[in-house]
Every structure is written in structure tokens, then in C-alpha cells.
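S.K.: make a model of this:
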Amino acid sequence: MAGHSKFKNIMHRKGRQDSMRSKLFSKLSREITVAAKSGLPDPTMNARLRLAVANAKAESMPKDNIDRAIKKASGADAETYDEVRYEGFGPGGVGVIVEALTDNRNRSAANVRAIFAKNGGNLGETGSVSFMFDRVGQIVYAAAVGSEDKVMEAAIEAGAQDVESDEETHTIFTAFEDLSDVAQALEAALGEPKSTAIAWRPKTLTPVEGEPVGTLMKLIDALEEDDDVQNVYGNYDVSDEDVEKYAG
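M.R.: Reported below is the predicted structural model:
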């Protein structure tokens, strides 16, 4: 869930996906509940809810879980979540953006601040990092949908801005306001994506090498594992070799 070219390799480190599975379902459920509460509890009438449900289905989240998360939004005891963004700096001076959904702002702020402090970083003020990123639409497909050329051609035809491909995925970027239209066009050409989201994409990447890579990965992992945190984005560029050596 981070916005830079190397993060897909990090997220797929051996064993990481399995250990994050139940936590991922919890985060997806929370997003569905918040989306349903922000508008109508019908995905056909609520764009944000439609996106949240689609992302949950892409992660093979059971239909019962999805329905329960939607119903939870209209219950008398429905929890109220605030959307909060934190910005800070990690090892090597990299910028990190953290998005959270929380029912306790004080708890979340304290937890995020502590995670930064324990892992070679520091929490900054709002706006201290986000100017280094663009707010974009992000659509991810598995590599199996086709070659780089095929996906690039479909993306251009759909009105996307850029494509990044690696051995596992094709990541397609759109203008913030074009995400829905581009996603629909791509679905007609390539099928359903793995995920569709509004994301933070770094304007430039900051190289990090050697031992700081290990500390940086600990910071990202700790933030990802926090119950209130939904997404983490960074403007760092690390090699697979350094990840294996210092954070494997």
C-alpha cells in the first residue's frame, strides 16, 4: 500500500501476505463501513462504497464479511471513524504519508508518533511531506492480464497518465478526477483489477542504501501493522538486494 516503484517487492516478502491477511480484512471492513456511512448503503449508488467492495472482493474477502460491514454502518451502535492523515520522515530523510481511520484520534496520534520515534524517524506537521507527492488514481492489475505493451496500450486508450510494470503487477496511474472513468474503460479491456484507489504518488524518489534500509522497512512494517492505519506511502527507492540483506 505504498506509493513507490519498489514497494510491491517489499509487500510480497515471504510470509508477509499471510501474516497480514486477517488485518487486511479488518482494514477493508472498516473502509466499507465508513464508505457506507458516508452515503447510501448501496454500492450502485455510492461510488466510494462501490470501490471499497470491489477492493474487498479482489482480496477474496467473503461476501458475508462485506455484507456485515455494510450493515454495521446503519446499526444503532455504529462506530464513528475519523479520517486522519499523518506526515513524517523516515531514515534517510524519506517522506512518509500515513492514512488512518480511527475512533480515537489521541490514541492514533500517540501510536504513530511512537512508531516513527522507535524506528529512526519523526512525525512532522501536516503539509511537511505531502507537497512531495501527487494525489492520483491508482489501478493495479496482476501481471498475468497481459504484456507491458498490451497494458500500456489499454491504459493510453482509457486516458491514463502512466504505467509501471514489474514481474508481479501492472500499476496504472490516472489524474485524481479521472479515476472512475479510466477504471471503467480498463475493466472493459482487461477485466477486474486487483485494486483501485486514490493514492499518493511521489514526485521523485529518494535512494536509501545499506543498513538504513532495514530500519526503514521496520518503520513501514510497524505502521502497516497498526490497527488504525489504512495506507502507508513513501518516496523511497530501495534495491531488492538491500531489502533481503538488511530487512529479510
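S.K.: now the helix or strand harbouring residue 188: mean pLDDT?
M.R.: Using DSSP states H and E, residue 188 sits in helix 179-190. Taken as a whole, helix 179-190 has a mean pLDDT of 94.
S.K.: can you mark which positions in it are buried?
M.R.: By neighbour count on 16 or more other CB atoms under 10 Å, the buried set for helix 179-190 is 179, 182, 183, 185, 186, 187, 189, 190. C-beta: built from backbone N, CA, C; applies to glycine.
S.K.: by contact count, what packs against the following helix or strand past that helix?
M.R.: As assigned by DSSP H and E, the chain's next helix or strand after helix 179-190 is strand 195-202. On a contact count with 3 or more CB pairs under 8 Å, 6 or more residues apart in numbering; DSSP states H and E, strand 195-202 meets helix 47-58, strand 133-142, helix 179-190, strand 229-234.
S.K.: most packed of these?
M.R.: Mean neighbours per residue, mean count of other CB atoms under 10 Å, is largest over the helices and strands packed on strand 195-202 for strand 229-234, with a mean of 24.
S.K.: state the paired neighbours of the next helix or strand along the chain from it in the sheet, together with their directions.
M.R.: The first helix or strand that comes after strand 229-234 along the chain, using DSSP H and E, is strand 236-237. As defined by DSSP bridges, the strand partners of strand 236-237 come to strand 206-207 (parallel).
S.K.: ok, residues contacting the partner strand?
M.R.: With CB atoms under 8 Å, 6 or more residues apart in numbering as the test, strand 206-207 has contacts from 92, 93, 94, 95, 235, 236, 237, 238.
S.K.: ok, stretch 174-192 next?
M.R.: 47, 54, 57-58, 135-139, 141, 145-146, 151, 154-155, 157-161, 172, 193, 196, 198.
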